[in-house]
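**Q** Pasting the sequence and the predicted coordinates here, then a few questions.
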Amino acid sequence: MSDSHGHPPHDHTQPHRHPPRPDTDDRLGHYQVMEIAVRELLIEKGIISPAEVQHAIEAMDARGEALGAKIVARAWTDHAFKARLMADGTEAVRDFGVDMGTTRLFVVENTPAVHNMIVCTLCSCYPRMVLGLPPDWYKSRNYRSRTAREPRAVLKEFGTVIPNDVAIRVHDSTADMRYLVLPQRPAGTDGWDAEKLAKLVSRDAMIGVALARNP
Amino acid sequence: MTARATANAAVPARFKPGDTVAVRRAYPPGHIRTPWYIRGHSGTVVHALGPFPNPEELAYNRPGLPAQPLYRVRFRQAVVWPDYAGNPADTLDIEIFQHWLEPAVR
C-alpha cells in the first residue's frame, strides 16, 4: 500500500516471528498403517493389482455433486424420469451411468409439507455413487448425534430455517439404502432447461441441510 | 452379494407397510446395525425393502444367509425424545432388519 494514504509503512526489516504450526502428516495413525499393510499384502498375494487400486481411486474422485445435481434437474424437468426415480432410484440412475453396487438408491422428495434430511448415526453411509466423497462435517460426531435428536437446531446452524408447520423427516441411513434428497424446484424457474436448473442444486440441498438456490 | 442373488435363501417377510412394530430391547455384542437410541421404541413400517444379507454375519466374513428382510420404519420424534421441541409430525425413518422387530402391542 502506498504511503500517500498516511498509513505507517509495514517494516519488513524487523524480525517477525510466527510460532511454527505443527505438521499433522508426520506420522501415520493405526488405521492408516493397517490400510497400507493390508493393501500391500493383497497386492503381494496377487488378489488385487496396483492398477486396480489406482482405478478405484480415480473413479471415486471423478464422482461429485455435479452428477447428483444433473439427476435432480432431470427429475424437475422430466415427469416420467421422476416417477422412475422415486419408484426405484437404483434403476433410474443407470441412465446416468451410475451403478449403485451392492447398495440401493432411495430418493426422498421435499414438498411444501415435508422436509427430508439424511444422516448416518452409526458411521458415515453416504450416496457416494451420486455425490462423491462426503464432506467432513457429515462424518462428525456432532452432526451424526444431533441430527437424529434435534434436526431443527442443526438445520439452523446451516442457515436453513424450516417453518414449524413443515414436518422434518430425518432418515438414518443404517443399512443398505443410500439416500438422496430431491429438493423442491425454486420458484421463478419456469421454462428453464435441466442444464440451467442443475446449477441451483448444491450438495447440501441433496443431503437436506439446505434448500435449492433461488435463481 | 445382491438381494436378488440371495432371495432364495431368505427368511420370509413377517411385516408389511402399515404394521406397527417394536424394536427389540437387546444389547448383544458385535457389528449391530440397529441404533442404540431406537431400541425398545415402536414405529410403523413404511417400506418393505426385501431381503438383504445379515450385516451381523457379513462383518465376520460369513455369507450372511439366510438373508433378513429389511424395512424402513418410521418413528415419531416426540415419542423417541420426550423433550423433543419440533413439530409433533416430525419423524425419524430408520432401516431395521426383521430379526430386530417384533409385532407391537398398541
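**A** Structure's in. What do you need?

**Q** residue contacts, the nearest residue to A:Asp172 once chain neighbours are set aside?
**A** Of all residues not flanking A:Asp172 in the chain, B:Ile94 sits nearest, at 4.5 Å (Cβ to Cβ, 6 or more residues apart in numbering or on different chains). C-beta here means a position set from N, CA and C on the backbone, and glycine is covered the same way. Applying Cβ atoms under 8 Å, 6 or more residues apart in numbering or on different chains, one finds that B:Ile94 lies in contact with A:171-172, A:174, B:35, B:38, B:43, B:72-73, B:75.

**Q** and B:Ile94, which of the three is it?
**A** In three-state terms, and counting by DSSP: H, G, I helix; E, B strand; the rest coil, B:Ile94 is strand.

**Q** And the pLDDT for it?
**A** B:Ile94 is assigned a predicted lDDT (pLDDT) of 98.

**Q** rewinding a little: can you list the contacts of B:Ile94 in TSV and add distance to A:Arg128?
**A** Below are the contacts of B:Ile94 laid out as TSV (distance: Cβ to Cβ, whole Å):
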residue	distance to A:Arg128
A:His171	16
A:Asp172	17
A:Thr174	16
B:Pro35	21
B:Ile38	25
B:Gly43	28
B:Arg72	20
B:Val73	25
B:Phe75	26
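
**Q** So among the residues you listed, which ones count as buried?
**A** Judged by neighbour count, with 16 or more other Cβ atoms under 10 Å in any protein chain shown as the criterion, the buried members of these are A:171-172, A:174, B:35, B:38, B:43, B:72-73, B:75.

**Q** element containing the residue of chain B positioned farthest from its centre, please.
**A** Going by Cα atoms, centre = their mean, the residue of chain B most distant from its centre is B:Ala85, 25.3 Å out. Following DSSP states H and E, there is no helix or strand that holds B:Ala85.

**Q** what's the answer for A:Arg84, then?
**A** Under the criterion DSSP H and E, the helix or strand holding A:Arg84 is helix A:79-87.

**Q** so where's chain A shaky on pLDDT?
**A** By pLDDT under 70, the weakly predicted segments of chain A are A:1-16.

**Q** Repeat the analysis, applying 50 as the threshold.
**A** Low-confidence segments of chain A, defined by pLDDT under 50, are located at A:1-6.

**Q** Tabulate the CA atom coordinates of the longest helix along it in CSV.
**A** Longest helix of chain A, by residue count under DSSP state H: helix A:30-44. The C-alpha coordinates for helix A:30-44 follow below in CSV (Å, rounded to 0.1, in the frame of the first residue of the first chain):
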residue,chain,number,x,y,z
HIS,A,30,-3.2,-47.1,13.4
TYR,A,31,-5.8,-47.5,10.7
GLN,A,32,-3.6,-45.8,8.1
VAL,A,33,-0.8,-48.3,8.8
MET,A,34,-3.3,-51.1,8.8
GLU,A,35,-4.7,-50.0,5.4
ILE,A,36,-1.2,-49.9,3.9
ALA,A,37,-0.3,-53.3,5.3
VAL,A,38,-3.5,-54.9,4.0
ARG,A,39,-3.2,-53.3,0.6
GLU,A,40,0.4,-54.4,0.3
LEU,A,41,-0.5,-58.0,1.3
LEU,A,42,-3.4,-58.1,-1.2
ILE,A,43,-1.1,-56.9,-4.0
GLU,A,44,1.7,-59.4,-3.0
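
**Q** Report the buried residues of it.
**A** With the criterion 16+ other Cβ under 10 Å, helix A:30-44 contains no buried residue.

**Q** Would you mind measuring from the residue most central in space within chain B to A:Leu122?
**A** In chain B, the centroid-proximal residue (Cα atoms, centre = their mean) is B:Ile96; its distance is 1.5 Å. The span separating B:Ile96 from A:Leu122 equals 12 Å under the rule Cβ to Cβ, to the nearest Å.

**Q** Please apply the same query to A:Pro151.
**A** When distances are taken as Cβ to Cβ, A:Pro151 and A:Leu122 turn out to be 17 Å apart.

**Q** That'll do, ta.
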